[in-house]
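A.B. asks: I need the structure of the sequence given here:
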Amino acid sequence: MKHIETVVFDYSRTLTEPDTPKVPHLGMRPVDPAVIPALRLLQGRGKRLLLGSNTVLTRRLALREAGVEPLFSALLESCALGVRKPDAAFYELVLHAAKCPADRVLWVGDNPDKDVRGPMRHGMHAVLVAPTGTPSGQEPPEGARTIRHVRHLPDLLETLCG
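C.D. replies: Predicted structure coming up:
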């Protein structure tokens, strides 16, 4: 994972707390306040942040309300793109927005297929967010890492990338 330039985040259960109820005016769960320092730190270290999310509603309002929308260079949302993960076209669009080679992109999400195997099939690195540990039978493939919360991502990158 040397030289990661771009970090792509899924939204639900990655940037949100799974047990938090949906906020009516957002139509979704809000951004977990505990992820905000990690996002700011990564962006401050020069990482390009992208959002890669399957959604019927844009995540923009939730990101704006949390004060983190400006940290993201691009929001790649299935509702606007007309294609969903794990379709190969979705990952190709993300790589175009990443503006760097696939081996310099790290995908962070909670779904072993859509957020780990899919990105890895396209040459990206991946981290599975698994708050209660990896469920049996859903272990990520070799080369992927697992963290319990996005707040642990800066330390993981520091350890792996130096």
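A.B. asks: Neighbours of the closest residue in space to residue 91 that isn't next to it in sequence, how many?
C.D. replies: Across the structure, with C-beta to C-beta, 6 or more residues apart in numbering as the measure, the residue nearest residue 91 apart from its sequence neighbours is residue 122 (4.4 Å). Every C-beta, even on glycine, is put in place using the N, C-alpha and C of the backbone. Using other C-beta atoms under 10 Å, residue 122 is surrounded by 15 other residues.
A.B. asks: is it true that residue 122 touches residue 92?
C.D. replies: Yes: proximity of residue 122 to residue 92 meets the contact threshold set by C-beta atoms under 8 Å, at 7.3 Å.
A.B. asks: circling back: and the residue nearest to residue 91, how far is that from residue 29?
C.D. replies: Spatial separation of residue 122 from residue 29 under the definition C-beta to C-beta, to the nearest Å is 27 Å.
A.B. asks: tell me the mean pLDDT for stretch 101-114?
C.D. replies: In this model, stretch 101-114 has a mean pLDDT of 96.
A.B. asks: Other residues contacting that stretch?
C.D. replies: Around stretch 101-114, the neighbours that count as contacts under C-beta atoms under 8 Å, 6 or more residues apart in numbering are 1, 3-10, 12-14, 52, 54, 85-86, 94-95, 98, 115-116, 118-119, 122-130, 134, 138-140, 150, 153, 157.
A.B. asks: Just the ones in strands from those, please.
C.D. replies: Secondary structure assignment (DSSP state E) places 6, 7, 8, 9, 52, 125, 126, 127, 128, 129 from the contacts of stretch 101-114 within strands.
A.B. asks: Neighbour-wise, give me the winner out of those.
C.D. replies: Across the ones in strands among the contacts of stretch 101-114, the neighbour count under other C-beta under 10 Å reaches its highest value at residue 52, namely 29 neighbours.
A.B. asks: what about residue 123, how many residues close to it?
C.D. replies: The number of residues near residue 123, taken as other C-beta under 10 Å, comes to 13.
A.B. asks: And the closest residue to it other than its chain neighbours, how far from residue 96?
C.D. replies: Taking C-beta to C-beta, 6+ apart as the measure, residue 123 lies nearest to residue 102, with 3.3 Å between them; neighbours along the chain are not counted. Per C-beta to C-beta, residue 102 is found 11 Å from residue 96.
A.B. asks: of those two, who's got more company?
C.D. replies: When neighbours are counted by other C-beta under 10 Å, residue 102 comes out ahead of the other of residue 102 and residue 96, with 17 against 10.
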